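Chemist: Give me a 3D structure for the following:
(one chain, ligands or ions: 1)
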Amino acid sequence: MTQLPDRIPVLDHGYVRLVDVMGDDLTVVNAAKVSFDKEASRFGSAEERLLAFLGREGHTSPFRHAVLSFEIYAPLMVARQWWKYVVGSDHTMEAWNESSRRYVTEEPTFLAIQPDGWRSAPQNRKQGSGEPLPADVGQRLSADLAAHYARSLELYEAAIAAGAAVEQARVFLPAYAMYVRWRWTASLQAVGHFLDQRLADDAQREIAAYARAVRTLAAARFPHALAALVSLSEPSAEARPAAEPDAVAPGAERP
Ligand SMILES: Cc1cc2nc3c(=O)[nH]c(=O)nc-3n(C[C@H](O)[C@H](O)[C@H](O)COP(=O)(O)OP(=O)(O)OC[C@H]3O[C@@H](n4cnc5c(N)ncnc54)[C@H](O)[C@@H]3O)c2cc1C
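Modeler: Next comes the predicted model:
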C-alpha cells in the first residue's frame, strides 16, 4: 500500500500536517446519490463521472460531507490571509484554533528571507511581486532583516525581564514574519475554494506554497473529488494567466 504523506515542510520552518479526515471520494458520491435513494459501495468510472459532473455544474453541497483537519505552522502574514476562509470552513466560525503568545513563551521563530529570495514590487499592479531584486540589494535586505529580528528579540526579552506581562511584551516581536501554529478544519468544498484562490497567480507566493502542500495532502485522500473541484497539476509558466489588477478589492490593502 502506498504510504500517504501526512506532513509537508513549507518555507524555512513551516509545515502543513493532515491531522484528521472524515470520508473519502465515495462519501461525496453517496451524498449526491441519496437524492435517488441510491448508494455505491465501490468507486468506479460511473462514480468518477458523477464527481466530475458535480464539480463542473457547481453542485457543491455533496463536497461538504467530507471534512479535513490540518495543523499549520506558518508566518502570521500567511495565517491572516488563511483566516479569511473560516466562514466557508465551518458556519459556526469555530473551526480555527491557534497558539497564543499571551501564554506561550517558546522561542519565537521568524521567516528568514535569503538574499536571492527578495522580490521586486510589480510594475503594473498594486499587489503581488515581480522579478527578483539584484543580488546586492538582496544581501543588504537579508542582513537588515536578521538585525531587526535580533534587536526585536532583545527588546522583547528585556521587557519580560523588567516584569512586563508576556501578553504585552509580544508587541516588540515582528508579527508578520513570526511563525504561528493553528488547526484548520474545513469541508472538502471549502478546501477546494481555498485552493482555487490561493493557487491562483495573484496569490502571495508564501501562501501559495502552503496551498500546494494542502493540495498534495487532500489529493492523497480525495483524488477524484478534489480533482472535480480544482486542477491537481501545476500550471506551466506559459499557461499561467496574467494576474488581474486589483482583482478582489480595488485599492484595498492586502492582508
Ligand atoms: C488575491 C487576494 C487578495 C485579497 N485581498 C484582500 C484584502 O485586501 N482585504 C481583505 O479583507 N480580504 C482580501 N482577500 C480575501 C477575500 O476578500 C476573501 O475574504 C477570501 O478570499 C475568502 O473568500 P470567500 O469569502 O469566497 O471564502 P469563504 O469565506 O470561505 O466563503 C466561501 C463562500 O461562501 C459564501 N459566503 C461566505 N460568507 C457568506 C456570507 N456571509 N453571505 C453569503 N455568502 C457567503 C460565498 O459564496 C463564498 O465564496 C483577498 C483574497 C485574495 C485571493
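
Chemist: and the protein, what are its domains?
Modeler: 7-103+180-229, 115-176 (automatic domain parsing).

Chemist: And the shortest one, end to end?
Modeler: In other words, domain 115-176. Terminal residues of domain 115-176 are spaced 19 Å apart (Cα to Cα, to the nearest Å).

Chemist: Show me how far that domain is from its chain's centre.
Modeler: 21 Å (Cα atoms, centre = their mean, to the nearest Å).

Chemist: just the first one next, same as before
Modeler: On the basis of Cα atoms, centre = their mean, the separation between the geometric centre of domain 7-103+180-229 and that of its chain is 10 Å.

Chemist: As TSV, the domains of the chain with mean pLDDT, mean neighbour count and distance to residue 109 would be great.
Modeler: C-beta: built from backbone N, CA, C; applies to glycine. TSV is the format used below for the domains of the chain (pLDDT from 0 to 100; neighbours: other Cβ atoms under 10 Å; distance: least, Cβ to Cβ, whole Å):
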stretch	mean pLDDT	mean neighbour count	distance to residue 109
domain 7-103+180-229	91	18	5
domain 115-176	94	14	10
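
Chemist: how about those domains in TSV, adding distance to the ligand?
Modeler: Listed next are the domains of the chain as TSV, based on distance: least, Cβ to the nearest ligand atom, whole Å:
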stretch	distance to the ligand
domain 7-103+180-229	2
domain 115-176	7
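
Chemist: Paired strands for the helix or strand where residue 8 lies, with orientation please.
Modeler: Residue 8 belongs to strand 7-10 when assigned by DSSP states H and E. As defined by DSSP bridges, the strand partners of strand 7-10 come to strand 14-22 (antiparallel).

Chemist: List the contacts of whichever helix or strand comes after the partner strand.
Modeler: Sequence order places helix 25-33 as the next helix or strand after strand 14-22, per DSSP H and E. Helix 25-33 has contacts (Cβ atoms under 8 Å, 6 or more residues apart in numbering) with 39-43, 47, 50-51, 54, 59, 61-66, 188, 222-225.

Chemist: Check which element follows helix 25-33 along the chain.
Modeler: Per DSSP H and E, the first helix or strand lying C-terminal to helix 25-33 is helix 45-57.

Chemist: which residues does the residue lying closest to residue 78 once chain neighbours are set aside contact?
Modeler: Once flanking residues are discounted, residue 78 sits nearest to residue 207: 4.9 Å by Cβ to Cβ, 6 or more residues apart in numbering. Residues near residue 207 by Cβ under 8 Å, 6+ apart: 78, 81, 82, 198.

Chemist: quick one, what contacts the last one?
Modeler: Right, the one you point to is residue 198. By Cβ under 8 Å, 6+ apart, the neighbours of residue 198 are 81, 82, 207, 208, 210, 211.

Chemist: at 10 Å instead, please
Modeler: Contacts for residue 198 (Cβ atoms under 10 Å, 6 or more residues apart in numbering) come out as 78, 81-82, 84-85, 204, 207-212, 214-215.

Chemist: Is it possible to get JSON lines of those residues that adds secondary structure?
Modeler: What follows is these, written out as JSON lines (DSSP: H, G, I helix; E, B strand; the rest coil):
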{"residue": "78", "secondary structure": "helix"}
{"residue": "81", "secondary structure": "helix"}
{"residue": "82", "secondary structure": "helix"}
{"residue": "84", "secondary structure": "coil"}
{"residue": "85", "secondary structure": "coil"}
{"residue": "204", "secondary structure": "coil"}
{"residue": "207", "secondary structure": "helix"}
{"residue": "208", "secondary structure": "helix"}
{"residue": "209", "secondary structure": "helix"}
{"residue": "210", "secondary structure": "helix"}
{"residue": "211", "secondary structure": "helix"}
{"residue": "212", "secondary structure": "helix"}
{"residue": "214", "secondary structure": "helix"}
{"residue": "215", "secondary structure": "helix"}
